[in-house]
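**Q** return a 3D structure for these sequence lines:
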Amino acid sequence: MSIVAPAGTRFTASHEWVSLSGAVARVGISDFAVSEIKDIVYVDLPAAGAKTTALEPFGALETVKAAFDLYAPVSGAVKATNRELSARPDLVSQDPFGAGWMIEIEVSDVARAEQEMAGLMDATAYAEHCRKQKH
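**A** Prediction:
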């Protein structure tokens, strides 16, 4: 199994991805997660300014069968949410690393964010994590 993600993307064990550019981290869920949960009908995201703590819930998504918490890969404050998802939650399924992004987190301490990201999986390790979950 290979994960097709932008270079530098890191992953949580709960399938969120994060990409850090300067002091802004963009967050979404992986294509593997999308393929496993299917039929996303609602995405509950925090308001701009809400605080996030690494590996703590920041929102949720709902499918026709279940609801799943979303976990922040890094600590900071929500800078932006993807407003398109309220009308088109299917964007998460169609383009999880592009138009289906969920939130942008402004990190107050870039060094800390880099440390938090270093504790996450790169694409190779994440692919192995996903392979193990399928068996």
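**Q** model confidence score at residue 4, please.
**A** Note for residue 4: predicted pLDDT of 70.
**Q** can you tell me the closest non-neighbouring residue to it?
**A** Closest residue to residue 4 apart from its sequence neighbours, by Cβ to Cβ, 6 or more residues apart in numbering: residue 31 at 7.0 Å. (Each C-beta comes from the backbone N, C-alpha and C, glycine too.)
**Q** quick one: residues contacting that neighbour.
**A** Neighbouring residues of residue 31 by Cβ atoms under 8 Å, 6 or more residues apart in numbering: 3-5, 96-97.
**Q** mind putting those in a markdown table, secondary structure included?
**A** Shown next, in a markdown table, are the contacts of residue 31 (DSSP: H, G, I helix; E, B strand; the rest coil):
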| residue | secondary structure |
| --- | --- |
| 3 | coil |
| 4 | coil |
| 5 | coil |
| 96 | coil |
| 97 | coil |
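**Q** contacts only, for residue 92.
**A** With contacts defined as Cβ under 8 Å, 6+ apart, residue 92 is in contact with 28-29, 34, 40, 43, 61, 85, 100, 102.
**Q** following the helix or strand in which it is found, which helix or strand comes up?
**A** For residue 92, the host element (DSSP states H and E) is helix 90-94. Later in the chain than helix 90-94, the nearest helix or strand by DSSP H and E is strand 103-106.
**Q** and that next one, how far from the chain's centre?
**A** 10 Å (Cα atoms, centre = their mean, to the nearest Å).
**Q** go on, stretch 105-114?
**A** Relative to its parent chain, stretch 105-114 has a centroid offset of 16 Å by Cα atoms, centre = their mean.
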